[in-house]
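J.: what's the 3D shape of this:
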Amino acid sequence: MTPTKAAKRLTIVIPALNEQDKIADTIDGVLPLARELLDDFEILLIDDGSTDATGAIMDEFAASDRRITVHHNAERRGVGAGFEYALARAKFDSITLIPGDHAFQNEGIARMFKAVGAADMVITYRDNQSDRSVNRSIQSHSLRFILNCLFGFWLYDYHSMIVYPVKWLRQIAVKADGYGYQICGLISLLQLGLTFVQIPVSLNAELKGSSRALRLRTYLELGGTIFSLLRRVPIRHVDVSQTPVEAGRTSAR
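T.: Here you go, the predicted structure:
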């Protein structure tokens, strides 16, 4: 008898801060792919204290589809805080975050959606980082190399889109409101031995100008997150009786 295939149900979090020129393109790319490739889904839009029309555009999308909801922050709280808010309210077993600045090409998002359920986690990696500015590319590759050396998981990327298992992630104490939340959550789950597949995705052409991801505050947040991961004792906030007995790692290209 052929085993029943697990349903692809996904909570999609899309945060944005002052992205009125890109948020509609992001949602217009994600929504049809979710409708086509997922069995069920919800989209949580996080307006992180925007002072432009980002929040109003999000509200328009929410009014057009009951599966879309919007949360407005009165002031900026950071990507990690928005994800934590969504994680606490997620309806489905899997959750992912897609940036609201239309950073990723739709083909990669489609590959990620198709891989939902293939393992405990779907870890995407950016396959065209060399197309970005030299400084940005060097910084991304350097961060990956440092994390691989420190923790030994040898991933292709630690800071792309990831599909997490909600029940496991909720048991991890992620103490990071900014960009460090993803590294903290990902490494913590990998240390538990959860299975994963790696899927290539491509970035859209980067617009000229400075990126918020390159600010000194971001470096300090990431450094603090890495330091805390290195100095902590093995994870205590997880029910070890539920931890997989045998977990393997797989990679898909």
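J.: which SS state does residue 12 fall under?
T.: Following DSSP: H, G, I helix; E, B strand; the rest coil, residue 12 is assigned to strand.
J.: report the beta-bridge partners for it.
T.: With DSSP bridges as the criterion, residue 12 is bridged to residue 43, residue 96.
J.: same thing with residue 68?
T.: Here residue 68, judged by DSSP bridges, has bridge partners residue 43.
J.: and residue 97, how far from residue 15?
T.: Counting by CB to CB, to the nearest Å, the separation of residue 97 from residue 15 is 7 Å. The C-beta positions use only the backbone N, C-alpha and C, and glycine is treated the same way.
J.: what touches both of these two?
T.: Common neighbours of residue 97 and residue 15 (criterion: CB atoms under 8 Å, 6 or more residues apart in numbering): 79, 83.
J.: list the buried ones in stretch 189-205?
T.: Counting neighbours by 16 or more other CB atoms under 10 Å, one finds that the buried residues in stretch 189-205 are 189-190, 192, 194, 196-204.
J.: repeat that for stretch 158-175.
T.: For stretch 158-175, by 16+ other CB under 10 Å, it's 158-166, 168-170, 172, 174.
J.: can you tell me which of those residues lies nearest to residue 135?
T.: Nearest to residue 135 among those is residue 159, at 15.5 Å by CB to CB.
J.: list the contacts of that closest one.
T.: So residue 159 contacts 140, 143, 144, 179, 182, 183 (CB under 8 Å, 6+ apart).
J.: okay, and the fifth one sits in which element?
T.: Taking DSSP states H and E as the criterion, the element that holds residue 182 is helix 180-191.
J.: which parts of the stretch 101-250 of the chain are helices?
T.: 106-115, 134-151, 166-169, 180-191, 216-231 (DSSP state H, counting those that start in this stretch).
J.: which one of those helices lies nearest to residue 48?
T.: Here helix 180-191 is closest among the helices of the stretch 101-250 of the chain (CB to CB), at 13.1 Å.
J.: just the C-alpha atoms of the closest one, please, in CSV.
T.: The C-alpha trace of helix 180-191 is given here as CSV (Å, rounded to 0.1, in the frame of the first residue of the first chain):
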residue,chain,number,x,y,z
GLY,A,180,20.7,37.1,14.2
TYR,A,181,17.3,35.4,14.9
GLN,A,182,17.7,33.1,11.8
ILE,A,183,21.3,32.0,12.6
CYS,A,184,20.3,31.3,16.2
GLY,A,185,17.2,29.3,15.2
LEU,A,186,18.8,27.4,12.4
ILE,A,187,22.0,26.3,14.3
SER,A,188,19.9,25.3,17.3
LEU,A,189,17.7,23.1,15.2
LEU,A,190,20.7,21.6,13.4
GLN,A,191,22.2,20.8,16.8
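J.: in that helix, which residues are buried?
T.: Buried residues in helix 180-191 (16+ other CB under 10 Å): 180, 181, 182, 183, 184, 185, 186, 187, 188, 189, 190.
J.: what's the answer for stretch 81-91, then?
T.: Neighbour-count burial for stretch 81-91 [16+ other CB under 10 Å]: 81, 82, 83, 84, 85, 86, 87, 90.
J.: what number of residues lie near residue 120?
T.: 20 (other CB atoms under 10 Å).
J.: switch to numbering from 289
T.: In the new numbering, first residue 289, that becomes residue 408.
J.: pull stretch 444-458 out as CSV, backbone CA atoms only.
T.: Extracted in CSV, the C-alpha atoms of stretch 444-458 (Å, rounded to 0.1, in the frame of the first residue of the first chain):
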residue,chain,number,x,y,z
TYR,A,444,26.0,26.4,1.5
ASP,A,445,24.2,29.4,3.2
TYR,A,446,23.0,30.4,6.6
HIS,A,447,21.0,33.5,5.7
SER,A,448,18.7,32.7,2.9
MET,A,449,15.0,31.5,3.1
ILE,A,450,14.4,28.6,5.4
VAL,A,451,11.3,26.4,6.0
TYR,A,452,11.3,25.6,9.8
PRO,A,453,9.2,23.0,11.7
VAL,A,454,7.0,25.1,14.0
LYS,A,455,6.8,22.6,16.8
TRP,A,456,10.6,22.5,17.2
LEU,A,457,11.3,26.1,16.6
ARG,A,458,8.8,27.1,19.3
